[in-house]
Structure formats: structure tokens, C-alpha cells
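J.: What follows is a protein structure lacking sequence information:
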Ligand code: ATP
Ligand code: MG
């Protein structure tokens, strides 16, 4: 079986976009791939963070992963900071990564501008940590969204440079990762603007539906969501991004085909469609929320999952780290 690696930062709540665009793909991929999925709590401190929330959000995210259907035979779930090899490899790779490769990263430039004077070295170094996250597990595939493509390219550049410096020809030490680009990864748009993606960092809570929203919150958000004055709903009309987004959500969460949804909704007004969508979202999230609650109520179980994940992850990561250190000429610890 091929190995896939992916992670999400423990910042805030997961929303329908994270679920439909990422986690659900990992769950479906379990029939084909072995997943290494980590909670990126080291990345979470590259911007100012709240210490009172970090551990809590880490557990919430782990419980949500499980509640969404990741199963432990095919998925290893672990916390990044529990596996020290991530930080150790980052140091070693830092020392062979040219500074200008990092200052050229688009995401660094964007985030640094937003942070003003408050930019830590960690923000600049984020892509090297990400390279370490990937390379330690020698995955065959790394799922990447648009926003992470440049960082995966950098990872590949680091691999080539490392192997060039320290590996014998034809005996690479670090394995070159390939991107896994999914064709129709559902892109969920904001409820308040159908042309913007749904996002954790949107300041408006009304713009997204979180996986843990109560039925009342879901109903309220859908009631207030942006629509248009046209009667009859349709897919794929560029003038009507909200209609397309909400119909797509309805289609994906109800399990109906596009044809069925198009036929059902072509003569509907928003007043008729919104309650239907509300009910569908509530029903789709109900089993996830129930499972989440059961897992959160059993802290011992959750801790055992993360402990087990740490051991499985470490067994792989430490081997790669040992190879890297040997190639660089380090002495073996006594
Ligand atoms: P932020 O606004 O802080 O960047 P985010 O909502 O974009 O947060 P991330 O943690 O960056 O969430 O992304 C986690 C995963 O969810 C990634 O694989 C990303 O591609 C996916 N994802 C995020 N938003 C959407 C969306 N609206 N539709 C589909 N997939 C999404
Ligand atoms: Mg994002």
C-alpha cells in the first residue's frame, strides 16, 4: 500500500470546507492508502497563539478526525510535537537551505506583511518544518491544495540539494515526494460571499458552518446566508455563485446526483430550498457530532489513540532521521 501524509493546524474549529475538501478524501482514501495524519501544533505557533487553547484544540481536532471516520488500521493519527524528530530534522535541513529560498515564498510574504513587525523566525522557517514533516515519513503522495504547492516544490528542492551534498549517486537518502492532486475536490464557498472560499480565518462566523455547530446555529446561518433575487435554482451559472455553492452542498451532503438536484430545485424559491438544505446539513453532521461527543467523553481512549500514533510515527520518523544524521557524518549517540 502506498503511504499518504497530511496535517491540519489545531486552530479553531473545522468547517464544512475542511471536511468536504480534505478529511472526507482521507477517509475515502483509506481503502487505497495508508494515512499518516498529524495535528500540526508546531506550525500553530508560527503566528501569535493562545497557550490556553493549544492543547484543547489539539484534542478537539484529534477527536474530530476520528469522528469523521478515520480508522486506526489504515490511519496513524499523531501530534506533531509528540515526535521530536520533526524539530530535529528541521534544524539539520535549515543548515542546507539557502535563506533566499524562504524569503521568496509567497505565503511568507503575505503573512509577514499582515504581521507587520511581529514576524518570528518560525514564520520564515515554516516551509522547512513542513519539508521535515513530509520527508520523515517517506510518503508516496502528499495531498496539496493550491496554497501549499510552492511549499511542496521547495521540499523537492531541499531533497535534491541534500542528496547532492550527502548521498552517493543513485543512493538517495531522502525520498522525493510527489503531489497528490485530486480532481474534483469539493471547494466549498463562503455563505456570505459565493465567490470566496469558506475559511477558518474569515472574521465572520456567519460565513461558515462548523462541524460542531448546533442545529440552531446551522439553521440561523443558512437563514442569513447570501442569496439572489432570482426564482428557480441552478448550478454553474457564473452570475449566481451562491446558488451553485448551496446546491453543491445539498448535492454532496444528500448523496443525490447533480441531475436529481437540478430537477428538484429548478422551480424552487429560496424560501423552499433553505429549510431543505438546513435539514440536510443537520442530518449529515449529526452522526459526526454524536461520535465526537462519545470520543471526547472518553479521554482515556483519545489519549491511547495519540499514544499509539506517536509510537507508530516515531518508529518510521526515527529511522529516517538516523539515515540523515549518518549521511551528514554525525557520530552515533552512546
Ligand atoms: P485558514 O483560513 O487559516 O487558512 P482554512 O479554512 O483554509 O484555514 P486550512 O487549515 O488551511 O483551513 O486547511 C485544511 C484543509 O482543508 C486543507 O487541505 C485545505 O485545502 C482544505 N480546505 C480549506 N478550506 C476549504 C474549502 N473552503 N473548500 C475545500 N477545502 C478546503
Ligand atoms: Mg488555508
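T.: Cool, the structure landed. Model, not experiment: these values are computed from the prediction. Ligands and ions are numbered 1, 2, ... in the order given.
J.: wait, does the strand or helix carrying residue 25 contact ligand 1?
T.: Counting by DSSP states H and E, the element that carries residue 25 is helix 24-29. No - applying C-beta under 6 Å from any ligand atom, one finds helix 24-29 out of contact with ligand 1, separated by at least 8.4 Å. For every residue, glycine as well, the C-beta is placed using N, CA and C.
J.: Let me know whether the following helix or strand past that helix sits next to ligand 1.
T.: Scanning forward in sequence from helix 24-29 by DSSP H and E, the next helix or strand is strand 33-39. No - Strand 33-39 stays clear of ligand 1 (C-beta under 6 Å from any ligand atom), getting no nearer than 11.0 Å.
J.: list the buried ones in the helix or strand following strand 33-39?
T.: Heading C-terminal from strand 33-39, the first helix or strand you meet, by DSSP H and E, is helix 51-67. Within helix 51-67, the residues that count as buried by 16 or more other C-beta atoms under 10 Å are 57-67.
J.: So for helix 51-67, mean pLDDT?
T.: The average pLDDT for helix 51-67 rounds to 96.
J.: Stretch 149-168 now?
T.: The average pLDDT within stretch 149-168 is 96.
J.: hmm, back to that, which strands and helices sit next to the helix holding residue 25?
T.: strand 2-8, strand 33-39 (3 or more C-beta pairs under 8 Å, 6 or more residues apart in numbering; DSSP states H and E).
J.: Mind checking those strands for the one nearest to residue 93?
T.: strand 2-8 (16.2 Å; C-beta to C-beta).
J.: In that closest one, which residues are buried?
T.: 3-8.
J.: which is the next helix or strand following it?
T.: helix 16-18.
J.: what residues does the protein put near ligand 1?
T.: Residues of the chain lying near ligand 1 (C-beta under 6 Å from any ligand atom): 8-9, 17-18, 20-22, 145, 187-188, 197-201.
J.: The residue in the stretch 201-334 of the chain positioned nearest to ligand 1 in helix, strand or coil?
T.: Closest approach between the stretch 201-334 of the chain and ligand 1, counting by C-beta to the nearest ligand atom: residue 201, at 3.3 Å. Recorded secondary structure, residue 201: coil (DSSP: H, G, I helix; E, B strand; the rest coil).
J.: That one: neighbour count?
T.: Residue 201: 6 surrounding residues under other C-beta atoms under 10 Å.
J.: re the thing from before, just the buried members of the residues of the chain next to ligand 1?
T.: By neighbour count, with 16+ other C-beta under 10 Å, the residues of the chain next to ligand 1 hold 8-9, 17-18, 20-22, 188, 197-198 as buried.
J.: close enough to count as contact, residue 128 and residue 91?
T.: No - Residue 128 is beyond contact range of residue 91, at 9.0 Å (criterion: C-beta atoms under 8 Å).
J.: between the two, which one's more packed in?
T.: Shown here are residue 128 and residue 91; by other C-beta under 10 Å, residue 128 has more neighbours (24 against 11).
J.: Just to be sure, that one is in a strand?
T.: No - according to three-state DSSP, residue 128 belongs to no strand; its state is helix.
J.: contacting residues around it?
T.: 90, 93-94, 97, 102, 158 (C-beta atoms under 8 Å, 6 or more residues apart in numbering).
J.: One more: residue 10?
T.: 39-41, 44, 54, 57-58, 60-61.
J.: wait, which of the buried residues of helix 51-67 is closest to ligand 1?
T.: Nearest to ligand 1 among the buried residues of helix 51-67, with distances taken as C-beta to the nearest ligand atom, is residue 61, at 9.9 Å.
J.: wait, doesn't the closest one sit right on residue 39?
T.: Yes - using C-beta under 8 Å, residue 61 is in contact with residue 39, at 5.2 Å.
J.: Find residues that contact each of the two.
T.: Common contacts of residue 61 and residue 39 (C-beta under 8 Å, 6+ apart): 8, 10.
J.: which residue ranges form the helices in the stretch 51-200 of the chain?
T.: Using DSSP state H, counting those that start in this stretch, the helices assigned to the stretch 51-200 of the chain run over residues 51-67, 85-94, 99-103, 106-115, 121-135, 149-166.
J.: deepest of those, which one?
T.: Burial of these is given as mean neighbour count (mean count of other C-beta atoms under 10 Å); helix 121-135 ranks first at a mean of 21.
J.: can you pull the pLDDT of the residue in the chain that ligand 1 sits nearest to?
T.: Taking C-beta to the nearest ligand atom, ligand 1 has its nearest neighbour within the chain at residue 21, 1.9 Å off. On the pLDDT scale, residue 21 is placed at 87.
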